[in-house]
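**Q** give me the fold of what follows.
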Amino acid sequence: MRLICLLFPTILALPVAAQHSPSTKTKAAAAPASANAKVVTPAPAPLPPSPQKLDLHYGFRGVGLEADSAAVQGLSYDRHDNGLTYCHRDTDSLSWAGAAVDAPKYAFYRGKLLTLSFSTKGAANSHAVLARLQALYGPGEQKGNGQLRFTWRGEKALLRYEESSTNNNAVITLTSLPLTIKRQQDVSGVIEQTAANH
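**A** So this is what the prediction gives:
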């Protein structure tokens, strides 16, 4: 019994001693180093060509649809027509996707960017732009009626490509769908108000 009483403190001390053993110290010292190691996470896979990318981009060359006209640098006023204010920028590049393009035109509704459009001249330029659009957004819905037409529709943005069959000039237009709906509602409200006044 005396021997058990003498051995009992030694048995209790063993786990404490094991915590201070050299092999445990090495493991403890190694732990912070592995904690500081960078965890490499793979980059998200790029989205395949899809109209959903229209909603991600929601603009062109850094100018977002629904942007406030005061926030778009370098705008020059062109005209006001049918509730829209049309502008251009002298600073815009006249090439895109390896093709020559005309200066983009910006249409604002109530000070917010509703549409932006640009055009191309000739088959080489038009087809280079079309190829780039299809690489980004997929094949598009195709319609033809004297013109080559493609449409890409996202949840918030609509993109149209219309090419003339006679000279292969094309017009590319990107439109905000929420702002289009707002404009239609405003026009309907004005028509209803006018009818009520008569």
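
**Q** from now on I want contacts and neighbour counts done on CA atoms only, so please keep to that.
**A** Noted.

**Q** please parse the chain into its domains.
**A** Following automatic domain parsing, one finds the domains of the chain at 2-35, 52-197.

**Q** quick one: the helices in the protein?
**A** Using DSSP state H, the helices of the chain run over 2-19, 22-36, 52-57, 123-137, 177-197.

**Q** still on that earlier bit, in JSON lines, list the domains of the chain along with mean pLDDT and mean neighbour count.
**A** Shown next, in JSON lines, are those (pLDDT from 0 to 100; neighbours: other CA atoms under 10 Å):
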{"stretch": "domain 2-35", "mean pLDDT": "47", "mean neighbour count": "10"}
{"stretch": "domain 52-197", "mean pLDDT": "92", "mean neighbour count": "16"}
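
**Q** hang on, T120 packs against V101?
**A** Yes: with contacts counted by CA atoms under 8 Å, T120 reaches V101, the gap being 4.8 Å.

**Q** without its sequence neighbours, what residue ends up closest to P51?
**A** Take P51 and drop its neighbours on the chain: the residue closest to it by CA to CA, 6 or more residues apart in numbering is Y137, 4.8 Å away.

**Q** now G59
**A** L65 is the one closest to G59 (CA to CA, 6+ apart), at 5.1 Å.

**Q** do N167 as well
**A** N167 sits nearest to G122 (CA to CA, 6+ apart), 6.3 Å away.

**Q** list phi and psi for that neighbour.
**A** When read as degrees, to the nearest 10, the backbone of G122 gives phi 90, psi 160.

**Q** measure stretch 78-88 end to end?
**A** End-to-end span of stretch 78-88 (CA to CA, to the nearest Å): 7 Å.

**Q** outside of it itself, list whatever touches it.
**A** Contacts to stretch 78-88, defined as CA atoms under 8 Å, 6 or more residues apart in numbering, come from residues L75, S76, Y77, A103, P104, K105, Y106, A107, F108, Y109, R110, G111.

**Q** let's see 6 Å
**A** With CA atoms under 6 Å, 6 or more residues apart in numbering as the contact definition, stretch 78-88 has outside contacts at L75, S76, Y77, K105, Y106, A107, F108, Y109.

**Q** the residue nearest to Y77 when sequence neighbours are not counted bridge partners, please.
**A** With sequence-adjacent residues excluded and distances taken as CA to CA, 6+ apart, Y77 is closest to C87, at 4.5 Å. Beta-bridge pairing for C87 (DSSP bridges): Y77, Y106.

**Q** distance of V187 from N82?
**A** Counting by CA to CA, the gap from V187 to N82 is 11 Å.

**Q** now do the shared contacts for the two.
**A** Joint contacts of V187 and N82 (CA under 6 Å, 6+ apart) do not exist.

**Q** ok, and the closest non-adjacent residue to V63?
**A** Once flanking residues are discounted, V63 sits nearest to V72: 7.0 Å by CA to CA, 6+ apart.
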